[in-house]
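S.K.: please find the sequence and the predicted model below.
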Amino acid sequence: MRYGEWAFLIGMALAVILGIGSSFLSTSTLPIIWAVLAVLGLIVGVLNITEKEVNAFLIATIALLAVSSSITPIATVLSGVSGMDLLVKAISGFLSALAVFISPAAFVVALKAIYEMAKSD
């Protein structure tokens, strides 16, 4: 298994763990975990995504980030329902962690795609 694959698996596992435990973590721990997720995302963007996968990866990233940002109104409504508070926090925490993980990867992949388009043959 390659380093990029390990970075992806660790990043996804951290995002899930962070989603489940987001309501139990202290505010001083959260930025450290987010920094680790961002670095793992950079590694994934540099090592994993090939030139053939760029379009599909960027489209998937746009979809994930759209879901991540559009969940807020739904979470607001569901948090008012009794017993749903922990579930809403877990889903919101997971999507936030996923956005922190995927955004740096998308940034690197987009830069690589722009470079490939801009370089002369």
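M.R.: Sure thing, it's come through.
S.K.: just the helices in this protein please.
M.R.: For the chain, the helices defined by DSSP state H cover 3-21, 30-47, 54-79, 85-118.
S.K.: could I get those as CSV with mean pLDDT?
M.R.: Converted to CSV, the helices of the chain look like this (pLDDT from 0 to 100):
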stretch, mean pLDDT
helix 3-21, 87
helix 30-47, 90
helix 54-79, 86
helix 85-118, 89
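S.K.: with the flanking residues excluded, which residue is spatially nearest to residue 105?
M.R.: With sequence-adjacent residues excluded and distances taken as C-beta to C-beta, 6 or more residues apart in numbering, residue 105 is closest to residue 45, at 3.5 Å. Backbone N, C-alpha and C define where each C-beta goes, glycine included.
S.K.: do the same with residue 19
M.R.: Leaving out its chain neighbours, the residue that sits closest to residue 19 by C-beta to C-beta, 6+ apart is residue 94, at 2.6 Å.
S.K.: ok, the one you found touching residue 17?
M.R.: No. At 9.1 Å, residue 94 does not count as touching residue 17 under the criterion of C-beta atoms under 8 Å.
S.K.: in contact with the residue nearest to residue 105, which residues?
M.R.: Neighbouring residues of residue 45 by C-beta atoms under 8 Å, 6 or more residues apart in numbering: 104, 105, 106, 107, 108, 109, 112.
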